[in-house]
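S.K.: Quick one, fold the following:
(one chain, ligands or ions: 1)
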Amino acid sequence: MGETIFSKIIRKEIPADIVFEDDTVMAFRDIAPQTPVHFLIIPKKDIPTVNDITEEDAQTMGHMFVVASKLAKEHGVDESGYRLTVNCNRDGRQEVFHVHMHLLGGRLMGRMG
Ligand code: AMP
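M.R.: Numbers count the residues shown, from 1 in each chain. Purely as a prediction, here's the structure:
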């Protein structure tokens, strides 16, 4: 599986503002936040895109939602609301080819483009 900047963050080779970590998932602040709360929730396993997710990843993918829910509560956007986004390939505007879930909150967002 391919190396990305997120692989380096997982190995702590480059710094990140980590807000959650366990054996299978990590979450950190997006370096260019689009909203007051903007986290990236990633599997520790190198999975390039949603197209590469297999049945063996199902538990980790589900766990990412549990982590998102926990972070939303901890950072006070659970009641006001938030958006979870996973971009895939060119039309989805994916830039980093390691599966990641954006947690966006803290302001009213536009409708989906
Ligand atoms: P996507 O378009 O879904 O692939 O988004 C990739 C996201 O990764 C963008 O929102 C970037 O701002 C973010 N990003 C890129 N490099 C870093 C980094 N070193 N630390 C934190 N976030 C990053």
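
S.K.: Using PDB, write out every CA atom in stretch 67-81.
M.R.: This file holds the C-alpha atoms of stretch 67-81, laid out as PDB (Å, rounded to 0.1, in the frame of the first residue of the first chain):
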ATOM      1  CA  VAL A  67     -14.600   8.100  17.200                       C
ATOM      2  CA  ALA A  68     -16.300  10.900  15.200                       C
ATOM      3  CA  SER A  69     -19.300  10.800  17.500                       C
ATOM      4  CA  LYS A  70     -17.000  10.900  20.600                       C
ATOM      5  CA  LEU A  71     -15.000  13.800  19.200                       C
ATOM      6  CA  ALA A  72     -18.100  15.800  18.200                       C
ATOM      7  CA  LYS A  73     -19.300  15.600  21.800                       C
ATOM      8  CA  GLU A  74     -15.900  16.400  23.300                       C
ATOM      9  CA  HIS A  75     -15.600  19.500  21.100                       C
ATOM     10  CA  GLY A  76     -19.100  20.700  21.600                       C
ATOM     11  CA  VAL A  77     -20.600  20.300  18.100                       C
ATOM     12  CA  ASP A  78     -22.800  17.300  18.700                       C
ATOM     13  CA  GLU A  79     -26.000  19.300  19.300                       C
ATOM     14  CA  SER A  80     -25.300  22.100  16.800                       C
ATOM     15  CA  GLY A  81     -24.400  19.600  14.200                       C
END
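
S.K.: Averaged pLDDT, that stretch. What do you get?
M.R.: For stretch 67-81, mean pLDDT is 98.

S.K.: tell me which residues in it are buried?
M.R.: By neighbour count with 16 or more other CB atoms under 10 Å, stretch 67-81 contains the buried residues V67, A68, L71, A72, H75, V77. Quick note: C-beta positions are derived from backbone N, CA and C, even for glycine.

S.K.: State the distance from the first one to N89.
M.R.: According to CB to CB, to the nearest Å, V67 stands 24 Å off from N89.
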